[in-house]
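Asker: Here is my input, please return the structure:
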Amino acid sequence: MSQVDVDVARQNMVESQIRTWEVLDPRVLELVARAPREAFVPEQYRSLAYADMSLPLGRGQVMMAPKMEARLLQVLEISRGDRILEIGTGSGYMTWLLSALGAHVYSVEIIPQFKMNAAAKLAAHGATNVTLDIGDGAHGWNRHQPYDVILLTGSVPVLADTFRSSLAIGGRLAAVVGKPPVMEAVLMRRAGPNGFTEESLFETDLAPLINANEPEKFIF
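Answerer: The predicted structure is shown next:
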């Protein structure tokens, strides 16, 4: 794709996919309108960088569809001083978006090759406020807590309690919870030491995080 084609595809994505999915925050719209998504997409799918679909990354992992990425960014209400935890670095694209909005992003990736590829792309596109860790974050990651924002980029059947305890007071967490065919994106807020609120955002389908917690099974 030429640069002109990329620019047109990106603007079409914003107008036809993202705005129509209730994403109206000017900061988010401006960010995705200039974000070089094509640079983070696996090369064989680069022509689909701005299509309304999730894209395979390998090992059963995916990049979320652009409208889902933008919607989650909007509901997280990220401010310039926020410390952010991302579970699942993946391609590094969502990491780049988060770094453009917040103070610092701590991103955890279980697949070393994903982390290496993302690190190179993030460096090439000026993301200097990012710490990439290799590890299993599906059950939580308290190394740099507390966090003002937590985002899980893969689904989990149930959300581990450790994520709640890692949230700062006033913090927000977004995740896709459930198993096919019933999954929903949820937004959690920590109102106080023992106070949490949870809001259902939309029904969706998203590949699971590796090693995500399974719900407890009852034995009769």
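Asker: Select the longest strand from this protein.
Answerer: Assignment by DSSP state E gives strand 167-179 as the longest strand of the chain.
Asker: buried ones in that one?
Answerer: Using 16 or more other Cβ atoms under 10 Å as the test for burial, strand 167-179 gives 167, 171, 172, 173, 174, 175, 176, 177, 178. Just so you know, the C-beta spots here come from the backbone N, C-alpha and C atoms, and that holds for glycine as well.
Asker: for it, what is the average pLDDT?
Answerer: Averaging pLDDT along strand 167-179 yields 97.
Asker: who touches stretch 19-37?
Answerer: Stretch 19-37 is contacted from outside by 10-11, 13-14, 18, 49-50, 66-67, 69-71, 73-74, 93, 96-97, 100-101, 125, using Cβ atoms under 8 Å, 6 or more residues apart in numbering.
Asker: In PyMOL, select just the buried ones from these.
Answerer: Only the buried entries of these go into this PyMOL selection, using 16+ other Cβ under 10 Å:
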select buried, resi 10+13+14+18+49+50+66+67+69+70+71+73+74+93+96+97+100+101+125
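Asker: In terms of helices and strands, where is residue 31?
Answerer: Assigning secondary structure by DSSP states H and E places residue 31 in helix 26-34.
Asker: Any figure for the gap between the residue nearest the centre of the chain and residue 60?
Answerer: Nearest to the geometric centre of the chain sits residue 153, at 4.1 Å (Cα atoms, centre = their mean). Using Cβ to Cβ, to the nearest Å, residue 153 is found at 13 Å from residue 60.
Asker: Right, I'll call it a day here.
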